[in-house]
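Enquirer: Sequence first, predicted model second:
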Amino acid sequence: MAASRARQASSEADQPSSPVLRFGPDQPLRLDAGTLLSPFQIAYQTYGTLNEARSNAILVCHALTGDQHVANNNPVTGKPGWWEVLIGPGKIIDTDRFFVICSNVLGGCLGSTGPASTNPATGKPYGLDLPVITIRDMVRAQVMLVDHFGIDKLFCVLGGSMGGMQVLEWASSYPERVFSALPIATGARHSSQNIAFHEVGRQAVMADPNWLGGKYLEQGKRPEKGLAVARMAAHITYLSEAALHRKFGRNLQDRTALTFGFDADFQIESYLRHQGMTFVDRFDANSYLYMTRAMDYFDLAADHGGRLADAFTGTKTRFCLVSFTSDWLFPTEESRSIVHALNAAGASVSFVEIETDRGHDAFLLDEPEMFAAISGFIASAARARGLGA
Amino acid sequence: MSVNRAPRVDLEVVAGLIVPGSRVLDVGSGDGELLELLQDTKQVDGRGLELSQRGVNECVARGLSVIQGDADKDLAFYPDKGFDFVVLSQTLQATRNPKLVLDELLRIGKHAVVSFPNFGHWRVRLSLFVNGRMPVTKDLPYSWYDTPNIHFCTIRDFMNLCDELGATVEKATALDANGQRIGLSMPWWFWNFFGQQAVFLLRR
């Protein structure tokens, strides 16, 4: 089962089950790293129908370990799409009304060019030969995808966490192409603490003897242990102490007493091990390095002379930011500093903080207050855009 | 700040001062009642700042551009003259530093609209005079120890503050308990005695 998932995952890297847009030598992508990427490809999913005016398109940006399968069963895990609570026919992001696009980010591992893709120059997987990818590079690739659909202006760009960073990058770099923006549980920069956690994860991957300097795919190996540890550490940051205590406490796993050993005595240990194990089946270890690096490098204010408000000067985009009280990865203060910058830029902005103990991952869950905010924001933006109900 | 809001008898008067199609910031927007009224009847480009998270979430669910924030702290982030009108309705008396807040309103808005309950109203005076206790009335229902209204003022007090801040009073209206305007020709002392609410249009 795990092996078949892993096989499926690696075949998705080059030959995804999603539609793929291929950019040949005539359309290279200039990366922040200073090199040209060419050729490259973007895998994507769409839902609903683009209207005649091409004004009803919503771009969904996925998080660190997400993918383009936002509202359909995932071909690797077989599980429902990662944001099906929000997106689908009759849902808050109603695919009967809107044309929803979600693409695998550049550097990802489910069909867009990433370290697990075959390097056309060598015929082998890129591994670490792929230049480091930034959030802005991801967005540049998305722009080319949106151009392909002939869409001048997206009705909305939304996403959480790393997806939210892409939303901010879109709104800052392409303000005239973004009618409304919904960055959720995110920040305009990655904090020192967040970089620290990512570094722990990367070191865990690279310490695995099967990582082989990043060339593990060539040898038919995978640094599963290292990647699992990285995922376990990261997963803790997606939750909150209160939620962990509520769900697991100090409960023991399938036993009545401590074993005086290092087996998973506690439920929380067993839970984390399970999270680590299932993750390695669906995700490429090098891609994890690239994704975390992209987030670490993100600093929107630094790209604008150190003043975040300058990233949004003169913007006409309507913004709605959402944060969660128990999110310690992207605490409310991160959203608030973006809100202050948007105020200073005179932008139209809404901001809600949702009371929950579910931590950072709350954005992926059934959070009625978040849904009410998103629903109200989308409805009013749709009226302003002339998109009838 | 929606929690401590008196019945909004001032809404229509405040709305009457706003020029159609203008840019409006509503400080202390509560559940969005005024902003919605202004959007629907005056087609304003409206924004809100609200302290209570519940109020903000309600506003955003209603499709209004409102952020969670504190008038005492967060007005500093708005640019000079970024709005045609900045409205502070029934909120001044709940701020920690009303002078600073009023100063910020005059900086951010080309005009400021301020409404507040008048502590010089005869019922308030009578209550203090006869009972010797802090007044608790239908419109000011809190006891002294649990009131969010920490900086009450009278109409005369407010006009003094406007003088100090160099604000010009463009229009002033006093309302009785039913939200009816008190005769325009009356002298200030009369307003200060019989006005339960006051609404000022200011600029600097």
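Expert: In hand now; what should we look at?
Enquirer: for residue 64, what are its contacts?
Expert: Picking chain A for this. A:161-162, A:234, A:288, A:291-292, A:295 (Cβ atoms under 8 Å, 6 or more residues apart in numbering or on different chains). From N, CA and C alone the C-beta is placed, and that goes for glycine too.
Enquirer: You answered for a different chain; I wanted chain B.
Expert: Contacts of B:L64 (Cβ under 8 Å, 6+ apart): A:350, A:376, A:380, B:29, B:32, B:35-36, B:39, B:46, B:48.
Enquirer: mind running it again at 7 Å?
Expert: With contact set as Cβ atoms under 7 Å, 6 or more residues apart in numbering or on different chains, B:L64 has these partners: B:32, B:35-36, B:46, B:48.
Enquirer: Mind checking which of those are in helices?
Expert: Here DSSP state H is the test, and these give B:35-36 as lying in helices.
Enquirer: Out of the contacts of B:L64, just show me the ones up against chain A, please.
Expert: Checking the contacts of B:L64 against chain A by Cβ under 7 Å from any Cβ of the partner chain, not one of them is in range.
Enquirer: Redo the contacts of B:L64 as CSV? Include pLDDT and neighbour count.
Expert: Listed next are the contacts of B:L64 as CSV, based on pLDDT from 0 to 100; neighbours: other Cβ atoms under 10 Å in any protein chain shown:
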residue, pLDDT, neighbour count
B:G32, 95, 26
B:L35, 95, 26
B:E36, 95, 17
B:G46, 95, 27
B:G48, 96, 27
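Enquirer: And the furthest pair within the contacts of B:L64?
Expert: B:E36 and B:G48 (10.0 Å; Cβ to Cβ).
Enquirer: Assign a three-state SS to the most centrally placed residue in chain A, would you?
Expert: Centre of chain A computed as the mean C-alpha position; nearest residue by Cα atoms, centre = their mean is A:A63, 1.3 Å away. The local conformation at A:A63, judged by DSSP: H, G, I helix; E, B strand; the rest coil, is coil.
Enquirer: what sits against it?
Expert: Per Cβ under 7 Å, 6+ apart, neighbours of A:A63: A:160-163.
Enquirer: out of those, who's nearest A:L106?
Expert: A:M162 (12.2 Å).
Enquirer: wait, what's in contact with the closest one?
Expert: A:63-64, A:291, A:295.
Enquirer: so what's the closest residue to chain B within chain A closest to, chain neighbours aside?
Expert: Per Cβ to the nearest Cβ, the residue of chain A with the smallest distance to chain B is A:S380, at 2.8 Å. With sequence-adjacent residues excluded and distances taken as Cβ to Cβ, 6 or more residues apart in numbering or on different chains, A:S380 is closest to B:G63, at 2.8 Å.
Enquirer: Could you count how many residues lie near the one you found?
Expert: Using other Cβ atoms under 10 Å in any protein chain shown, B:G63 is surrounded by 22 other residues.
Enquirer: That one contacts A:G376, correct?
Expert: Yes: with contact defined as Cβ atoms under 7 Å, B:G63 and A:G376 form a contacting pair (4.7 Å).
Enquirer: coming back round to it: mind putting the contacts of A:M162 into CSV with pLDDT?
Expert: Putting these into CSV (pLDDT from 0 to 100) gives the following:
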residue, pLDDT
A:A63, 98
A:L64, 97
A:M291, 98
A:M295, 98
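Enquirer: Which of those sits closest to A:S180?
Expert: Nearest to A:S180 among these, with distances taken as Cβ to Cβ, is A:A63, at 19.7 Å.
Enquirer: quick one: pLDDT of the nearest residue to the closest one once chain neighbours are set aside?
Expert: Spatially, and ignoring its direct neighbours in sequence, A:A63 is nearest to A:S161 (4.1 Å; Cβ to Cβ, 6+ apart). pLDDT for A:S161: 98.
Enquirer: how about A:S161, phi and psi?
Expert: Here is the backbone geometry of A:S161 (degrees, to the nearest 10): phi 60, psi -120.
Enquirer: what residues are up against it?
Expert: By Cβ under 7 Å, 6+ apart, the contact set of A:S161 is A:63-64, A:185-186, A:330, A:360, A:363.
Enquirer: just to confirm, which helix or strand has B:N57 in it?
Expert: helix B:53-61 (DSSP states H and E).
Enquirer: Show me the contacts of A:A63 that map onto helices.
Expert: Per DSSP H, the contacts of A:A63 map to helices at A:162-163.
Enquirer: can you put the contacts of A:A63 in a markdown table and add distance to A:D284?
Expert: Below are these laid out as a markdown table (distance: Cβ to Cβ, whole Å):
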| residue | distance to A:D284 |
| --- | --- |
| A:G160 | 22 |
| A:S161 | 19 |
| A:M162 | 16 |
| A:G163 | 19 |
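Enquirer: Mind telling me the two of the contacts of A:A63 farthest from one another?
Expert: So, these by Cβ to Cβ: farthest apart are A:G160 and A:M162, at 8.2 Å.
Enquirer: okay, the residue nearest to A:T134 when sequence neighbours are not counted: pLDDT?
Expert: Of all residues not flanking A:T134 in the chain, A:D32 sits nearest, at 4.3 Å (Cβ to Cβ, 6+ apart). On the pLDDT scale, A:D32 is placed at 98.
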